[in-house]
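[1] no sequence on hand, only this structure:
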């Protein structure tokens, strides 16, 4: 159903994007073994910015819009996420909780547009909340209350960033992300300097091996440049309702990669939590389209 109207090549491209986004949580975990989290985030956005900013035209949007997006996605989403993943939440669960940005995005859009919440949206939210409660109750070493809270705040920041990006209108998403990184780097570096300290910054940079720098580069090139550019390319050629459900596979790749490469366990409670959150996301994304099909068939 998700890829029925997508040509095979476009479906495979979308699958490659969600695979990169899902397995990226394992790459983050590897990078955090050698770099302080806020420094890691700073280096990520520095590699996004340089040297690409000299070759990509700045989008025709206000500087205030770029600044808001850079702050929300840089310091908000990834700053909080990296701190959470430094011993407070496992990569698999982080990939799952971050997808709750869908609900935050819709709630914020409804608040701005003064739209009423519909029944299927309430049902979808309750399913996702039930999954989050399961994680909070059984997290143990896989997720602390602080880790769950930080992951949800990162998801909220992503949702706010989505609203800001939507207000920018149709733009080259790669150029948008690159230029917005101008406003991600300073707050991340200042927070790293304040909370992690100059000695930790120096030690992290000087002691980082090839694997660590590959992890940083993958954040910039694979996750951001390829991911955002390819996803934006697909959204320009197909309805959002056809492309966006593919994002449901991000936690599937995330939890699978974490189990395969990091030995992250998949006990029953974790699978139940994932099923609840993913079912909620699926209902929220797919129910309007299914309802239209049912109405047309009737």
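    Yes, it's here. Only a predicted model underlies this, so the values are computations on that prediction, with no experimental measurement involved.

[2] show me where the stretch 1-150 of the chain has strands.
    In the stretch 1-150 of the chain, no strands are defined using DSSP state E, counting those that start in this stretch.

[3] got any ranges where it has weak pLDDT?
    Across the stretch 1-150 of the chain, the ranges flagged by pLDDT under 70 are 1-5, 115, 139-141.

[4] name the single longest helix found in this protein.
    helix 268-297 (DSSP state H).

[5] list the buried ones in it?
    Using 16 or more other Cβ atoms under 10 Å as the test for burial, helix 268-297 gives 270, 273-274, 276-281, 283-287. Every C-beta, even on glycine, is put in place using the N, C-alpha and C of the backbone.

[6] for stretch 129-136, same thing?
    Buried residues in stretch 129-136 (16+ other Cβ under 10 Å): 131, 132, 134, 135.

[7] contacting residues for the residue sitting nearest the centre point of the chain?
    Compute the mean C-alpha point of the chain, and by Cα atoms, centre = their mean the closest residue is residue 98, 5.8 Å away. Counting by Cβ atoms under 8 Å, 6 or more residues apart in numbering, residue 98 touches 81, 151, 154, 155, 158.

[8] need the buried residues of helix 268-297 in a markdown table (columns: distance to residue 217 and pLDDT).
    Formatted as a markdown table, these follow (distance: Cβ to Cβ, whole Å; pLDDT from 0 to 100):
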| residue | distance to residue 217 | pLDDT |
| --- | --- | --- |
| 270 | 30 | 84 |
| 273 | 32 | 86 |
| 274 | 29 | 86 |
| 276 | 35 | 89 |
| 277 | 30 | 86 |
| 278 | 30 | 85 |
| 279 | 36 | 88 |
| 280 | 34 | 83 |
| 281 | 30 | 80 |
| 283 | 37 | 82 |
| 284 | 34 | 76 |
| 285 | 32 | 71 |
| 286 | 35 | 74 |
| 287 | 39 | 77 |
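
[9] turn these into CSV, including distance to residue 237.
    Below are these laid out as CSV (distance: Cβ to Cβ, whole Å):
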residue, distance to residue 237
270, 36
273, 34
274, 30
276, 33
277, 29
278, 26
279, 29
280, 28
281, 23
283, 26
284, 23
285, 19
286, 20
287, 24
